[in-house]
Every structure is written in C-alpha cells, then in structure tokens.
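K.L.:
how would this look folded up:
(one chain, ligands or ions: 2)
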Amino acid sequence: MKKILFFLFVIATVTTTFADEGMWIPMLLGKNEADMQKQGMRITAKDIYDINNACLKDAVVLFGGGCTGEYVSKQGLLFTNHHCGYSQIAARSTLEHNYLANGFWAKSFSEEIPCPGLTVTRLVRMEDVTTQVLEGISNDMDEKERNALINENIKKIGDKAVEGTHYKAVIKPFYYGNQYFMYINEVFSDVRLVGTPPSNIGKFGGDTDNWMWPRHTGDFSVFRVYADKDNKPAPYSADNQPYKPLKHLTISLKGAEQNDFTFVFGYPGTTQRYITSDAVELIANVTNPVRIALRTIRLDHYNNAMNQDAAQRLKYSSTVASIANGWKKWQGETIGVNRLEVPKMKREFEQKFQQWANDKPEYRDVLPQLAQNYATLKPLELKRTYFNEAVMASDFMKRAYAMWQLESILDNEEAKAHCEKLIKTNEKYFTDFEKHTIVDKAIFIETFTYMWQKGFAPYLDKKCHSKADVEKLLSNVYEKSMLTHKDKVISFLKSYNSKKKSKIRKDPAVDLFNTAHSYTFGEEYKLGELIDLNNHRDTYRTAQDNISRLMRIYVKGMMEMQPDVNFFPDANLTLRVAYGHVDGFKPKDGVSYKPYTTIEGIMQKENPDIYDYVVEPRLKELYNNKDFGTYTNSKGELPVCFIATNHTTGGNSGSPVINADGQLIGLNFDRCWEGTMSDILFDPEYCRNITLDIRYCLFIIDKFAGAQNLINELDIAK
Ligand code: ARG
Ligand code: ASP
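P.N.:
Ligands and ions are numbered 1, 2, ... in the order given. Sure thing, here's the model as predicted:
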C-alpha cells in the first residue's frame, strides 16, 4: 500500500520537488530559510551567505577542479576527502616514501609538501546577470548565432567585473540558459599537503565498499593554503604565509542523531533533473549497460594485476579507482531508475505538459521535437559510447590516437612539440613493459572483440568470420605495430619530419584507430582538415544543438505551468546548499539500515588477506584499549560514518556537513548505491548521502597519528 501511495505521490509531483530534494543557490537561500528552520535549523540564510559580512560561504572552497573543501583553522588549514587528495598523495608517493600506503603527517609548516597544479577557489560573491548576458538575443536567432553573442556578452561582463582586481569571473547558465549567474572567485595556487591517513583508513573497504552502506571509510585528507604577505593568492614561494581565511568552521563533537537537521554546503557537479523520458531511457538502458560491460573487462585485468605485487598496485590504483567509481554508480543508477519506473513517470508528466501546451504556440511542438532529436541521437550516442569505453580502453590505443593526431599536424614546430610529448608517454609505457603488456594487450583485445560481437566494429567483418579470427587479427596489430617496440617508436618520433607523415597511417594500430574513429564520428583527417563523411558529424551536432534549445523552452514551460513550485537548478559545479535530516533507510525487503556506523564495524570487516580490509595494528591497539579520547557518542561508541537525506552528487565530496547551529559535524564523501539515480530523480525513501563523522576524523588525527599540532589549531565547540 505504501508503495502505491508513494507512486501516486511521485506522479503528482514529478516536476515539483520532493521533500529534501534540491541543491539551492546560496544567494537565494532566503526562499528556503523558513523551511530549513522548520526542519530544525537555528541559524539564518544570512549566516550562510552574506555579501557584506564574513559568513559560512567564506569557509567553503572548490578543491581542485571537482571536489569541495573547508577551512577549519585561522591558518588556512583545509579538510577534504582522501579520495579528493588521492591523485596528489599518489603523485608524491614512491615505493620508499609511500604516503598512499603509510600515510603522512607534517609535524611543522616546513614539512608540508607543495602540490604544484592544485588550486583552491573561494567564492567572493555572486550576481544574477541574466539581462546583460541575453542582451541583443532574439528568438529568431539560430543556436550558433545565439551562442556566439552570449559568449561575447559573457566575456565583456566578466572582464568588466574583475577589472583591476586579482579576482576571476565565471558566468554559468542555469535552467538550460533561462538564467545566468556570475561568480567572482579568488583562486589560490600554493596549496600544500599536511596530512593523510594510510589508504587502509582513508580508503578502507576500497572499491568493494565504495557507494555502499554500512560504511567505515576514514575518507579525509588535510591541506593548507598559502598566500603572499598581503594574504592574497600567489604562486608557490617559500616566503608565502599560511592564508588567513575570512571564516573557518567551528567543529562540534556532538554529532547528529536520527532526524537531526543537517545541511551540505559545496560544489555539486552535474544533475539531470528535467530531462525527458527518452533521455532517461538513453542513459539508464542504452549507454549505461555498455559502459558497465566494457569496464568490467578492464577492471578484471587491473584487479588481477594489482593483487600480484605492490608496484602494480601503485601503478594502477588511481586508474582503477576512477574506472570503478563510474562503473559501480551506473549500475546503481540503472537499477534505481527502473525500480522507480522513471521513464514511465516522465511519460505521464509529458502527457500532462502536452495537454497544457496544445494551445500555446511557444510550447506546442517542444516535446515531439525533443523526441525526434533523441531518436536521431540515440544510435550515434551508442557508437560514441563504444568508442570511449572500448576503442579508448587500452594505453596501446591511446598512444595510437596520439600518433594519429601527429598525422594531422601541419606546422613543423607544433609537430616537433607533439613528438617530444609522445616520446615521454612512450618511455613511460615501456618502463614496466613486460608486466604492463600482459594487462594492456588483453584489455585491448577483449574490449575490441566485445565491441565487434555487439556489431559495433563492422569494419572487421571483411577479414574476420569468427571471434577467433578477430582475436588473431587484433593480436597481430598489437605485435606488428611500432607502438609495441620501444626502439622503433622512439627513433621514429626522434627523427620525425613531414616526409614521414605517410608512414604513420601504415602502422596497423594507427590504421585500426583511424578506421574505428571514422566509423564512430563519420569524420576523417585529410591534410590536416577534418572532413565530415556523409554529414554524420553535422547530424550529431545539430541534434545536440536542437536538444539544448528545446530543453531551454521545455524547462521554461514547466516553470510556467507550475508557478508555485520552487524549482532547483540542475547542479553545474557552482556553490549550493542541500538540506535534510539524519535517517536510515530500507534498501530491500526485510533489511533496515541504521543511520550510523562505529569502529566495531571496522573490526568486523577486518581481513588481513584482503588488501582493502587490512586494519593497522595501531588502530587495533586503540580499539582494544578503548582509547577513543573525547570522540565518542552518548553511548560511548566511536562513530565512523552517518547517512542523511541531503541531495548531493559528484563534486560534493569533501563538502562540510553542518548542524543546526552552523558547526561542522562531518565531511560528505559518497552516496548509498540504491539511491545513485538521484542525479536523475531524488527519492526520499532511498537517497542518502554518506558522511564521515568528524569525530572519527579527529580521532585518527589525534589518537592514531599523534598530530596534536593539527588538533591544537582547530576550533572545537565546548
Ligand atoms: N563514490 C565516491 C565518489 O563518487 C568515492 C570515490 C572514491 N573511492 C573509490 N573507492 N573509488 O566520488
Ligand atoms: N563521491 C562523490 C564525489 O567525489 C560524491 C557523490 O557522488 O555522492 O564528489
């Protein structure tokens, strides 16, 4: 019964928002303030975002290009997730100083490790610039013309806004271009690694536990931002000082219990809340299954290699973490979309919309036209998915791609620079070639063969009649290509000049890549110019342009049809607030999850034979002695993670999870697998964000690592 009721509720509200659904714009949080306070919040919208005074937003930053971080001390100390710092930690690790495996703790400022390339971005202020961006735009312009004028306007508005300052302006579309906001940012580039737990804490449970509840991952790392003597951003310099943030977060050790209000303040990347039924079908039931199948092949090979020795584990860790992350999320997403029958729900809404639109010329044709364009897009998108996940699966083919690019470079200097880059990539490929060749060759052959079996490499049919034929052909390509012979490829690149251009395509790997590429994209390089074969490329681009124009109209129509609904704009890597409450959930029949985990669960999961479940002796000792310091909950347990109904997505990792009083109680790092369709539709019964309890984080810093220097810097509420 409950299910039926819920379903009816879902149909009725498919474009209105569910309880707890939404990622809200900080500047407009006034609209949500009453609701947030009704749910338990004791601070105001102005405490969160205020253009005239230091407020919580000054403590929240974009970490790198796709995570969130927050200041926790007046000396620029920053918390984020372990998986957000992962590539930095890995890049600084060697087999002798393996910070990934063993952790790292700077005991003084001078021991902190610079991280070239890493940036931290603070939002100074934001502004609605819709009118200025759309100046001169008229309805009879085609998309190309329209976009060109918009980009011109954006450039002008942005340049003017930051003139004479060190700030950077970013202007982004909202609601598919019905609204535009400008973000004035301050970008810091001297960021240093301060501390990280070992992987078997920071990534405890690895990819097995990723996206799962109950969770026991200590997913945090610690950085520090440095600035010049005027507290302004500056490139790395030994003379830089720890940055003094306008605001840093106060930490509460009280935690949050069932039903307690929490909010997440951070940088969600992408959601697709308003897409049509066809678009949902395309993602959940057409492209996701292909991506999943092909990544399964790759992961099997990498995991097998990683289990063989520490060197291979270090080599593949980062790649595997990222391949596995999408692979697992898409599985949950497809199951969730189909369980909720999202396409059916959307179709029902589309019928209502159509009825409403029938007498409105602006909206009447939008849905039929969207359907038409999706029909055009679907087969092309599928080809592209095979290309990305099969053709580009191996390092072998990625290098073939780089060679193929070389062929198209006409300028001698440019070609030379490209060769130099390629020499480096190739040298790297060959450093552990014997081991890597087994893995990479197998991935190349198996993914390509799978693609052929599914009918997406028909160009092999001329020479192959069976799977064995295909495997043999691919194996020959691998063996005969210069890309598998170090001396040949390096000497070719070193002595490359335009006369050798014709030789590139003669290489069987480059030839195969070229064939796969023109089959997929319908374009081919001729004398440095991309030629569109059979209007294939144009068809794809036109369909995409049409869809973006039509979605702009469709979303505008939805809002007009339901004037009382507070629509949240899809995530677009801008600062947002999501709020909800701590809550367990029922993932399936007969199973009910509690909203928090404790160190007991770490001991239950311990398995010295499985890399991801090894428990450090030091952690065991603390556990055995119940040496938990001041970090326990009211029951005397050491909490590790908790879940809540905050609507989050990729990019929200590292976001502060904040209590009713505006204090930090945890770091957001994941979602529960059963609710990963929340990028498409949020379901309050299943969607939960996973937070690292700040008490476990501080316990690790204090008791496990003995880094009291860091604890002393924090502002812990009494
Ligand atoms: N699923 C989380 C997110 O989407 C964490 C990913 C990192 N962890 C991992 N085991 N791969 O980013
Ligand atoms: N783990 C994600 C991130 O890195 C968060 C999520 O997708 O829920 O941002």
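K.L.:
who in the protein is up against ligand 1?
P.N.:
Counting by CB under 6 Å from any ligand atom, the chain comes close to ligand 1 at 83, 203, 206, 207, 210, 211, 321, 324, 325, 650, 653, 670. The way it works is simple: take the backbone N, C-alpha and C, and place the C-beta from them, glycine included.
K.L.:
repeat that with 5 Å
P.N.:
83, 207, 210, 321, 325, 653, 670 (CB under 5 Å from any ligand atom).
K.L.:
Within the helices and strands, which one has the closest residue to the second one other than its chain neighbours?
P.N.:
Nearest residue to residue 207, sequence neighbours excluded (CB to CB, 6 or more residues apart in numbering): residue 324, at 4.2 Å. Per DSSP states H and E, residue 324 falls inside helix 310-339.
K.L.:
Show the subsequent helix or strand relative to that helix.
P.N.:
From helix 310-339, the next helix or strand downstream (DSSP H and E) is helix 342-357.
K.L.:
Can you give me the buried ones in that following helix?
P.N.:
By 16 or more other CB atoms under 10 Å, the buried positions in helix 342-357 come out as 342, 343, 345, 346, 348, 349, 350, 353, 357.
K.L.:
what's the angle from that helix to helix 310-339?
P.N.:
Inter-element angle recorded for helix 342-357 and helix 310-339: 50 degrees (by axes from the mean of the first three to the mean of the last three CA atoms, to 10 degrees).
K.L.:
what about helix 342-357, distance to the chain center?
P.N.:
Distance of helix 342-357 from the chain centroid (CA atoms, centre = their mean, to the nearest Å) equals 30 Å.
K.L.:
Pull out the buried positions in whichever helix or strand comes after it.
P.N.:
Moving toward the C-terminus from helix 342-357, the next helix or strand (DSSP H and E) is helix 361-364. By 16+ other CB under 10 Å, the buried positions in helix 361-364 come out as residue 363.
K.L.:
downstream neighbour of helix 361-364 in the secondary structure list?
P.N.:
helix 366-389.
K.L.:
In PDB, list the C-alpha atoms belonging to that following helix.
P.N.:
This file holds the C-alpha atoms of helix 366-389, laid out as PDB (Å, rounded to 0.1, in the frame of the first residue of the first chain):
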ATOM      1  CA  VAL A 366       8.700  21.200 -28.000                       C
ATOM      2  CA  LEU A 367       8.100  17.600 -26.800                       C
ATOM      3  CA  PRO A 368       7.500  16.000 -30.200                       C
ATOM      4  CA  GLN A 369      10.700  17.800 -31.400                       C
ATOM      5  CA  LEU A 370      12.700  16.600 -28.500                       C
ATOM      6  CA  ALA A 371      11.500  13.000 -29.200                       C
ATOM      7  CA  GLN A 372      12.600  13.300 -32.800                       C
ATOM      8  CA  ASN A 373      16.000  14.600 -31.900                       C
ATOM      9  CA  TYR A 374      16.600  11.900 -29.300                       C
ATOM     10  CA  ALA A 375      15.700   9.300 -32.000                       C
ATOM     11  CA  THR A 376      18.400  10.800 -34.200                       C
ATOM     12  CA  LEU A 377      20.900  11.000 -31.300                       C
ATOM     13  CA  LYS A 378      20.400   7.500 -29.900                       C
ATOM     14  CA  PRO A 379      22.300   5.400 -32.400                       C
ATOM     15  CA  LEU A 380      25.100   8.000 -32.700                       C
ATOM     16  CA  GLU A 381      25.500   8.200 -28.900                       C
ATOM     17  CA  LEU A 382      25.700   4.400 -28.700                       C
ATOM     18  CA  LYS A 383      28.600   4.400 -31.200                       C
ATOM     19  CA  ARG A 384      30.300   7.000 -29.200                       C
ATOM     20  CA  THR A 385      29.900   5.100 -26.000                       C
ATOM     21  CA  TYR A 386      31.600   2.100 -27.600                       C
ATOM     22  CA  PHE A 387      34.400   4.300 -28.900                       C
ATOM     23  CA  ASN A 388      35.100   5.800 -25.500                       C
ATOM     24  CA  GLU A 389      34.800   2.600 -23.500                       C
END
